[in-house]
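Engineer: just coords:
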């Protein structure tokens with residue numbers, strides 16, 4: 001089904017395929033329904049002294065992704081002999097600027113979509129970006145092009161980044177050489193679906209909170225298309 005999204009379908013058909021794949025992902029990848037021989041999901045037997053922060057990198061996903069798919073509330077509460085569902089990552093994102101849509105893939109399998117806001121005047125460069133870092137409750141440092149130069153601390157209600165930041169580094173196409181861009185939340189939800197930012201990708205706060213759990217720095221990529 002994911003292969004069908006690479007071309008040959010009309011827009012309505014693509015929407016139907018994405019809806020079906022989202023449902024399947026919710027049942028298998030993010031749910032508890034196990035499919036025999038699923039190449040994306042495995043079982044890990046917890047050993048004495050294991051920690052999620054040490055297990056997750058071997059599968060190219062953040063530890064929060066394993067917390068999510070196992071219903072774990074405290075990352076420090078593992079017990080020897082416990083069986084964990086593990087995902088074979090990494091996750092990637094594809095952004096279609098004309099649609100203001102971000103698609104999430106686990107390896108090359110589509111799992112869901114989110115609406116985004118983008119840079120004004122085509123200010124979000126096309127190309128491939130590498131996820132460089134992740135920050136919770138980030139400080140906002142205004143770019144040189146910002147009219148307001150005030151640095152906004154974490155948890156300030158005027159912080160335009162919300163509570164999650166995924167820093168990006170351009171590695172291919174027009175993105176090469178660009179830094180300081182990222183994916184983040186917003187205090188202006190009405191801006192989602194519009195080209196009004198200074199170049200970064202905005203998401204609804206609950207959406208970027210989910211994406212934050214999936215993209216692994218150094219492994220995940222974000223590809224931006226016109």
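Structural biologist: Yep, it's here. Just so you know, these numbers come straight off a predicted model, no measurement behind them.

Engineer: can we go C-alpha only for contacts and neighbour counts from here?
Structural biologist: Will do.

Engineer: Hmm, residue 123 is touching residue 196, no?
Structural biologist: No. Look at residue 123 against residue 196 with Cα atoms under 8 Å: they stay out of range, at 9.0 Å.

Engineer: Which strands and helices lie in contact with the longest helix seen in the chain?
Structural biologist: The helix that spans the most residues within the chain, counting by DSSP state H, is helix 11-27. Judged by 3 or more Cα pairs under 8 Å, 6 or more residues apart in numbering; DSSP states H and E, helix 11-27 is in contact with strand 109-115.

Engineer: Please state the offset of the strand it packs on from the chain centre?
Structural biologist: Its chain's C-alpha centre and that of strand 109-115 lie 10 Å apart, by Cα atoms, centre = their mean, to the nearest Å.

Engineer: picking that back up, more neighbours: residue 123 and residue 196, which one.
Structural biologist: A count of neighbours by other Cα atoms under 10 Å puts residue 196 above the other of residue 123 and residue 196, at 18 against 14.

Engineer: Next, work out how far apart the more buried one and residue 31 are.
Structural biologist: 36 Å (Cα to Cα, to the nearest Å).

Engineer: Quick one: end-to-end distance for stretch 74-84.
Structural biologist: Start-to-end, stretch 74-84 (Cα to Cα) is 14 Å.

Engineer: what lines up beside whichever strand or helix holds residue 196 in the sheet?
Structural biologist: Element membership for residue 196 (DSSP states H and E) is strand 195-197. Here strand 195-197 has these sheet partners by DSSP bridges: strand 118-119 (parallel).

Engineer: Any chance you could list what contacts the strand it pairs with?
Structural biologist: 97, 100, 124, 192-202 (Cα atoms under 8 Å, 6 or more residues apart in numbering).

Engineer: Any idea how far that strand is from the middle of the chain?
Structural biologist: So, by Cα atoms, centre = their mean, the centroid of strand 118-119 is 17 Å from its chain's centroid.

Engineer: again with stretch 114-131
Structural biologist: Counting by Cα atoms, centre = their mean, stretch 114-131 comes out at 13 Å from the chain centroid.

Engineer: in it, what's buried?
Structural biologist: Within stretch 114-131, the residues scored as buried using 16 or more other Cα atoms under 10 Å are 114-119, 124-131.

Engineer: likewise stretch 169-180?
Structural biologist: Quick answer for stretch 169-180 (16+ other Cα under 10 Å): 169-171, 175.

Engineer: need those residues in TSV with secondary structure, can you?
Structural biologist: Formatted as TSV, these follow (DSSP: H, G, I helix; E, B strand; the rest coil):
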residue	secondary structure
169	strand
170	strand
171	strand
175	helix
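
Engineer: what's the helix or strand just after the strand holding residue 196 packed up against?
Structural biologist: Next along the chain after strand 195-197, taking DSSP H and E as the criterion, comes strand 201-202. Judged by 3+ Cα pairs under 8 Å, 6+ apart, strand 201-202 is in contact with strand 118-119, strand 181-184.

Engineer: mind redoing it with 7 Å?
Structural biologist: strand 181-184 (3 or more Cα pairs under 7 Å, 6 or more residues apart in numbering; DSSP states H and E).

Engineer: So for the strand it packs on, mean pLDDT?
Structural biologist: Across strand 181-184, the average pLDDT comes to 97.

Engineer: Check stretch 69-84 too.
Structural biologist: 94.

Engineer: Endpoint to endpoint, it covers what distance?
Structural biologist: 9 Å.

Engineer: Run through who's touching it.
Structural biologist: 30-31, 43-48, 51-52, 67, 85 (Cα atoms under 7 Å, 6 or more residues apart in numbering).
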